[in-house]
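> Below are the sequence and a predicted model; questions follow.
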Amino acid sequence: MRRFLHAVLALATAAAVITGISSSSSMATEDADHTVTFVNRSGRTIWIGSAVNADGSRNLTGLPALNDTQQATVAIPESGDPAHWRGKFFARQGCTGTPGGTFHCTVGDCGNQPDRCVHGEQPASLAEFNFDRNDGLAPWYNVSYVNAVSLSITIEPRDAQAPPGSTECEEVGCSLRLLESCPPENLTRDANGTPLLCTNPNRDARTAYSDAISSRCPKAYAWSKQDAEQGNQTVRQCRDCSGFVVTFHRGI
């Protein structure tokens, strides 16, 4: 998964249907074979951010802000041209300011628009996907803490039909409060002293950071080459499902 997830931005649209909130955004559902539902269990308000690969994947707009316990669903634009969508989602936290002007987020900042990213994101926990209509094994998915841990993430396929005895369509990530395991030298706290972010000091090598995260959350990336380790559990595929549920859990 690390080999095909490189963040850049393009243009597109997506629909968000938020539990308890009306949304004016819309998108033709026939253009999306899969959906991703975001569930907020973080204990705080989050703004969903997204970035895509440099392969023509269409960047999403109309992404929701979710209060704690709320959820929203977006359609993935994997049909048409190109016949794929490869990218990632993350939770933007501590966002304030005027949309299009002073809007800014403390964690996962990616520009001055609350419903979309306009530049690359700051380090945060990631939910990564490869939807490719020409790949008979897709979708592929994983949770990545390669850059940092902000909130814990789980990804679970919806309406999955996995071959008996296989690991296909398994849930990945974890709901544990991973900031509790952050090496002190890698931990950033907010103005009140509350742990906010654990940043990887070297994403391309094993470190005290990656060892701490992997020991508690083996079904997620903690460093970039972890998928080359024998017996790793970082990436899964689910050829037969309607979509995925991405849940953001408390980091501390």
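Ah, there it is.
> Buried residues, stretch 227-246. List them.
For stretch 227-246, burial by neighbour count (16 or more other C-beta atoms under 10 Å) applies to 233-239, 241, 243-246. Yep, even glycine has a C-beta here, placed from its N, CA and C like the rest.
> okay if I get those as JSON lines plus distance to Gly193, secondary structure and pLDDT?
Converted to JSON lines, those look like this (distance: C-beta to C-beta, whole Å; DSSP: H, G, I helix; E, B strand; the rest coil; pLDDT from 0 to 100):
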{"residue": "Gln233", "distance to Gly193": "34", "secondary structure": "coil", "pLDDT": "95"}
{"residue": "Thr234", "distance to Gly193": "33", "secondary structure": "coil", "pLDDT": "97"}
{"residue": "Val235", "distance to Gly193": "36", "secondary structure": "coil", "pLDDT": "97"}
{"residue": "Arg236", "distance to Gly193": "37", "secondary structure": "strand", "pLDDT": "97"}
{"residue": "Gln237", "distance to Gly193": "42", "secondary structure": "strand", "pLDDT": "97"}
{"residue": "Cys238", "distance to Gly193": "41", "secondary structure": "coil", "pLDDT": "97"}
{"residue": "Arg239", "distance to Gly193": "46", "secondary structure": "coil", "pLDDT": "95"}
{"residue": "Cys241", "distance to Gly193": "42", "secondary structure": "coil", "pLDDT": "96"}
{"residue": "Gly243", "distance to Gly193": "39", "secondary structure": "strand", "pLDDT": "98"}
{"residue": "Phe244", "distance to Gly193": "35", "secondary structure": "strand", "pLDDT": "98"}
{"residue": "Val245", "distance to Gly193": "33", "secondary structure": "strand", "pLDDT": "98"}
{"residue": "Val246", "distance to Gly193": "29", "secondary structure": "strand", "pLDDT": "98"}
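> Nearest to Val39, out of those residues: which one, please.
Val245 (6.1 Å; C-beta to C-beta).
> what's across from Phe48 in the sheet?
To be clear, residue 48 is Ile; Phe isn't right here. Ala91 (DSSP bridges).
> Compute the distance between it and Ile76, please.
Counting by C-beta to C-beta, to the nearest Å, the separation of Ile48 from Ile76 is 13 Å.
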